[in-house]
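In: Sharing a model prediction with you, sequence too.
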Amino acid sequence: MILRRLGNKKKIAKEIQKHFPEHKIYIEPFFGAGGMFFNKPKASYNIVNDLDSDVFNLFNVVMNKKEELEKAFYMMPIHSDLLKYWKENQEIDPIKKALRFLFLSNLTHLGAGQAIKCSFGNDKDILLKNIDFTFDFINDVKFINCDFKRFIEKYISFRDEDERKKALIYCDPPYLGTNDNFSNSFTEEQSETLFNTLEKKGCKFAMSEFDHPFILEQAKKRNLNVIIIGERHNLKNRRTEILVTNYSDSQQKLF
């Protein structure tokens with residue numbers, strides 16, 4: 001992974017994957033930093049999406065202008081004046097846009113974009129050490145930039161029932177009742193829309209969430225499975241991470 005973002009699934013990806021069914025087609029409507037995607041066995045066919053144009057631009061630059069990005073990032077100063085400039089200004093050029101996003105996400109405290117992170121060692125190493133792996137892993141992946149409903153309805157289609165059975169949609173949306181540095185949490189209406197959209201698509205799906213009462217109510221009403229992944233906590237609270245699926249994993253094995 002080359003991008004640091006709060007809430008990404010890198011640390012618990014393996015635990016969640018234990019509950020994934022066998023699949024040859026992998027679909028992810030909320031890609032983010034790719035915490036799940038880059039930490040699971042790669043499926044035969046992959047299509048991912050993110051509404052954030054910074055995320056979309058970064059990975060497209062990696063796929064199409066990797067050497068230019070690598071050189072520019074290596075030469076980029078880590079300086080408070082640059083932080084101040086990028087806090088107040090956007091970039092249009094794809095390389096500069098990617099540099100700004102990496103600077104604010106990877107090189108500031110908690111990725112909040114407010115103060116340069118103070119640490120020992122080379123803070124640029126996360127990209128410089130992982131960019132080749134990222135390029136190799138993602139270069140044949142279809143990447144879309146739109147909202148989740150349009151992505152699932154417009155860009156996901158199956159030629160026949162056999163192809164539908166081979167697909168898995170994994171969702172890691174903004175959790176209800178939470179906020180992070182990059183987006184507001186989902187509303188109950190958005191969560192319900194996501195459930196409706198997934199069910200209409202008719203293939204296997206899994207959704208990460210906390211044990212929010214509304215999510216549990218939706219799962220029960222729709223006769224979905226709720227799998228407890230474990231506790232996640234910070235200085236403010238402790239929540240239970242769950243995985244909601246429309247399939248039973250009792251006899252399923254990952255790949």
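Out: Received the coordinates, thanks.

In: Compute the number of surrounding residues for Lys14.
Out: 13 (other CB atoms under 10 Å). For glycine as for every other residue, the C-beta is placed from the backbone atoms N, C-alpha and C.

In: can you list the residues that contact the helix or strand where it lies?
Out: Using DSSP states H and E, Lys14 sits in helix 13-17. Helix 13-17 has contacts (CB atoms under 8 Å, 6 or more residues apart in numbering) with Lys9, Gly35, Met36, Asn39, Lys40, Ala206, Ser208, Ile229, Gly230, Leu243, Leu254.

In: if I look at the fifth one, how far off is Phe137?
Out: For Lys40, the distance to Phe137 (CB to CB, to the nearest Å) stands at 10 Å.

In: Among the contacts of helix 13-17, which lie within strands?
Out: Ala206, Ser208, Ile229, Gly230, Leu243 (DSSP state E).

In: in this structure, which ranges drop under the pLDDT threshold?
Out: Within the chain, the segments meeting pLDDT under 70 span 6-8, 119-121, 179-184, 233-237, 250-255.

In: one step back: and the helix holding Lys14, what's buried?
Out: Ala13, Ile16, Gln17 (16 or more other CB atoms under 10 Å).

In: ok, back up a step: got the ones in strands among the contacts of helix 13-17 as a markdown table, with distance to Asp162 columns?
Out: A markdown table is the format used below for these (distance: CB to CB, whole Å):
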| residue | distance to Asp162 |
| --- | --- |
| Ala206 | 20 |
| Ser208 | 27 |
| Ile229 | 30 |
| Gly230 | 35 |
| Leu243 | 26 |
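
In: which of those count as buried?
Out: Here, 16+ other CB under 10 Å leaves Ala206, Ser208, Ile229, Leu243 buried among those.

In: State the pair within those residues that is farthest apart.
Out: Largest separation among these by CB to CB: Ala206 and Ile229, giving 10.8 Å.

In: what do these two both touch?
Out: What both Ala206 and Ile229 touch, as defined by CB under 8 Å, 6+ apart, is the set Ile16, Leu243.

In: buried residues in stretch 28-45?
Out: For stretch 28-45, by 16+ other CB under 10 Å, it's 28-40, 43, 45.

In: the domain parsing of this structure - what is it?
Out: Domains of the chain are assigned by automatic domain parsing as 13-51+146-245, 61-134.

In: what about the first one, distance to the chain center?
Out: With CA atoms, centre = their mean, to the nearest Å as the basis, the distance from the averaged C-alpha position of domain 13-51+146-245 to the chain average is 10 Å.

In: Quick check: the residue in the chain sticking out farthest from the centre vs Glu88, distance?
Out: When each C-alpha in the chain is compared with the mean C-alpha position (CA atoms, centre = their mean), Asp81 comes out farthest, at 30.1 Å. Between Asp81 and Glu88 the computed distance is 11 Å (CB to CB).

In: okay, the domains of the chain, which one's buried deepest?
Out: Among those, ranked by average contacts under mean count of other CB atoms under 10 Å, first place goes to domain 13-51+146-245 (a mean of 17).

In: what's the first-to-last distance across that domain?
Out: 16 Å (CA to CA, to the nearest Å).

In: One more: stretch 197-212?
Out: 20 Å.

In: which residues does the closest residue to Leu243 other than its chain neighbours contact?
Out: By the measure of CB to CB, 6 or more residues apart in numbering, the closest residue to Leu243 outside its immediate chain neighbours is Ile227, 4.4 Å from it. Applying CB under 8 Å, 6+ apart to Ile227 gives the contacts His19, Ile242, Leu243, Val244, Thr245, Asp249.

In: Farthest-apart pair in those residues, please.
Out: Ile242 and Asp249 (13.1 Å).

In: hey, where'd the strands end up in this protein?
Out: Counting by DSSP E, the strands of the chain are 25-28, 45-49, 142-144, 167-171, 204-210, 225-233, 238-245.

In: Show me what the first one packs onto, helices and strands only.
Out: Which is strand 25-28. Packing partners of strand 25-28 (3 or more CB pairs under 8 Å, 6 or more residues apart in numbering; DSSP states H and E): strand 45-49, strand 167-171.
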